[in-house]
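*Asks:* Build me a model from this:
(chains A, B, C and D)
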Protein chains: 2
Amino acid sequence: MTQKPTESELDILRVLWQKGPSTVREVNEILSQEKETGYTTTLKLMQIMAQKGIVTRDESSRTHVYKPAIEQKNVQHTLLNKLVDAAFSGSASQLVMQALGQGKTSKAELEEIKKLIEQLEGEQK
Amino acid sequence: MTQKPTESELDILRVLWQKGPSTVREVNEILSQEKETGYTTTLKLMQIMAQKGIVTRDESSRTHVYKPAIEQKNVQHTLLNKLVDAAFSGSASQLVMQALGQGKTSKAELEEIKKLIEQLEGEQK
DNA sequence: TTGCATTTACGAAATCGTTCGTATATGTTT
DNA sequence: AAACATATACGAACGATTTCGTAAATGCAA
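*Replies:* Numbers count the residues shown, from 1 in each chain, chains lettered A, B, ... in the order given. You can find the predicted model right below:
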């Protein structure tokens, strides 16, 4: 049911998820550190997102305050499944092995993942 | 260096990776089982892909035979990193935990992943 | 050979996402 | 109040992707 945000929309959502409710200016300030992007461009995108229902906004003051209307977990879930199907022919474990294989995961994180696996193995009858 | 294929291009690549060298008709037959898609649409896409260098084709017979020119692993790698950055703020382990948490991974696969983790832990000093 | 089916080639249209110029409204400062 | 800064609204333009109609080439069958 969660629709897939576009790439630019995801950029904006990422900021909102991390910073919490924000104005267009605040979002644009963060984004323009990463990439060249005009204020009205960000504004327009956020307006479209509001229209789509991806974000909601408080219009009570002149400078509107936007906040995400979809949860990060849901979007992650949606995009992850999409990628698994699109590039890994549906095999989540293949994706996991690829992700781990890049050596960017710390020992502590590996431990944490191992714990999760053991827990999952326990649950399965 | 591996450019990112579009969604439709990825659909086609998936078929080629799985079935090996194929004609437009063969690819379209598979794809049209999943989604409504006309023959000439698939043809056009594959022609564009050939032009981009994403696939190569053997034109020696009348019905051209296409095969992938980029490796599945490379594309997986590219798209995975993109997703990690875009939706998981760069944390691969977060992505892995999400992927495993969906309960679609069999016990055997979990075992395999655990082995990989232990191997990785051994490598790290 | 004539006609039919299949294939490729080409180009135009439709859609989607993104960018930005400009107008208008609102609030602030002098 | 006038000038200025800041914000939203709107629409147009652009580029990329996708879809498809139509023509031309090729091979096969009657």
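*Asks:* Mean confidence (pLDDT) on stretch A:74-88, please.
*Replies:* What stretch A:74-88 shows for mean pLDDT is 94.
*Asks:* Does it reach DNA strand D?
*Replies:* No. Stretch A:74-88 is not in contact with DNA strand D by Cβ under 7 Å from any atom of the strand; minimum separation 10.9 Å. Every residue, glycine included, has its C-beta placed from N, CA and C.
*Asks:* List the buried residues of that stretch.
*Replies:* By neighbour count on 16 or more other Cβ atoms under 10 Å in any protein chain shown, the buried set for stretch A:74-88 is A:Val75, A:Gln76, A:His77, A:Thr78, A:Leu79, A:Leu80, A:Asn81, A:Leu83, A:Val84, A:Ala86, A:Ala87, A:Phe88.
*Asks:* what number of residues lie near A:Pro5?
*Replies:* 23 (other Cβ atoms under 10 Å in any protein chain shown).
*Asks:* And for A:Ser60?
*Replies:* A:Ser60 - counted by other Cβ under 10 Å - has 7 other residues nearby.
*Asks:* I'd like the distance between it and DNA strand D.
*Replies:* Distance, A:Ser60 to DNA strand D, using Cβ to the nearest atom of the strand, to the nearest Å: 11 Å.
*Asks:* Kindly report the residues of chain A close to DNA strand C.
*Replies:* Near DNA strand C, when you scan chain A using Cβ under 7 Å from any atom of the strand, you find A:Thr6, A:Glu7, A:Ser8, A:Glu9, A:Thr37, A:Gly38, A:Thr40, A:Thr41, A:Lys44, A:Leu45, A:Ile48, A:Arg62.
*Asks:* From those residues, pick the one nearest B:Pro21.
*Replies:* Relative to B:Pro21, the closest of the residues of chain A next to DNA strand C is A:Glu7; by Cβ to Cβ it sits at 32.3 Å.
*Asks:* what's the helix or strand for A:Glu109?
*Replies:* helix A:107-123 (DSSP states H and E).
*Asks:* For the helix or strand hosting A:Met49, enumerate the helices and strands it packs against.
*Replies:* Secondary structure assigned from DSSP H and E places A:Met49 in helix A:39-52. Contacts defined by 3 or more Cβ pairs under 8 Å, 6 or more residues apart in numbering or on different chains; DSSP states H and E place helix A:39-52 against helix A:7-19, helix A:24-34, strand A:55-58, strand A:65-68.
*Asks:* ok now that helix, how far from the chain's centre?
*Replies:* 17 Å (Cα atoms, centre = their mean, to the nearest Å).
*Asks:* quick check, that helix touching DNA strand D?
*Replies:* Yes. Using Cβ under 7 Å from any atom of the strand, helix A:39-52 reaches DNA strand D at A:Tyr39, A:Thr40, A:Leu43, A:Lys44, A:Gln47.
*Asks:* rewinding a little: turn the buried ones among the residues of chain A next to DNA strand C into a named PyMOL selection, would you?
*Replies:* Buried residues within these, by 16+ other Cβ under 10 Å, are selected in PyMOL with:
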select buried, chain A and resi 8+9+37+45
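*Asks:* Between all of the residues of chain A next to DNA strand C, which two are separated the most?
*Replies:* Among the residues of chain A next to DNA strand C, A:Glu7 and A:Arg62 lie farthest apart (Cβ to Cβ), at 29.8 Å.
*Asks:* returning to what we had before: next, format the helices and strands packed on helix A:39-52 as JSON lines and append mean pLDDT.
*Replies:* Formatted as JSON lines, the helices and strands packed on helix A:39-52 follow (pLDDT from 0 to 100):
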{"stretch": "helix A:7-19", "mean pLDDT": "96"}
{"stretch": "helix A:24-34", "mean pLDDT": "95"}
{"stretch": "strand A:55-58", "mean pLDDT": "96"}
{"stretch": "strand A:65-68", "mean pLDDT": "97"}
